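S.K.: Please find the sequence and the predicted model below.
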Amino acid sequence: MEEPCYEDFCKAHNLAPLNDIKTACRVANVRPTRFYDLVKEGVFVLIPNGSRRNVTAKNLHQYYLALVSAAQQAGRVA
């Protein structure tokens, strides 16, 4: 299986360079509680933007690639 490049990933998920937490949870397919656990683990980095916090599309793409790689190593993806 060929992983999408960063540009294709952004187009497929309609991502901006900086994305709000709700969008990040949708793309990562996790609920907010799990998302913040991943932030504590250092998987996601929150970027301050005024009073809001955002996640970069690049960070979301890296998370996706890590999930695919882990699944391939476990033999779950063809």
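M.R.: Everything's here; your move.
S.K.: if I pick the residue nearest in space to the middle of the chain, what's in contact with it?
M.R.: Closest to where the C-alpha atoms of the chain average out (CA atoms, centre = their mean) is L60, at 2.2 Å. By CB atoms under 8 Å, 6 or more residues apart in numbering, the residues touching L60 are 9, 13, 15, 19, 24, 27-28, 44. C-beta here means a position set from N, CA and C on the backbone, and glycine is covered the same way.
S.K.: go with 10 Å
M.R.: Contacts for L60 (CB atoms under 10 Å, 6 or more residues apart in numbering) come out as 6, 9-10, 13, 15, 19, 23-24, 26-28, 44.
S.K.: Which ones among these lie within helices?
M.R.: The members of these that map onto helices under DSSP state H are 6, 9-10, 13, 23-24, 26-28.
S.K.: If you rank those by neighbours, which is first?
M.R.: A24 (26 neighbours; other CB atoms under 10 Å).
S.K.: For A74, see how far away that residue is.
M.R.: Plainly put, A24 is 24 Å away from A74 if you go by CB to CB, to the nearest Å.
S.K.: what distance separates the start and the end of stretch 26-36?
M.R.: 13 Å (CA to CA, to the nearest Å).
S.K.: what mean pLDDT does that stretch have?
M.R.: Stretch 26-36 carries an average pLDDT of 97.
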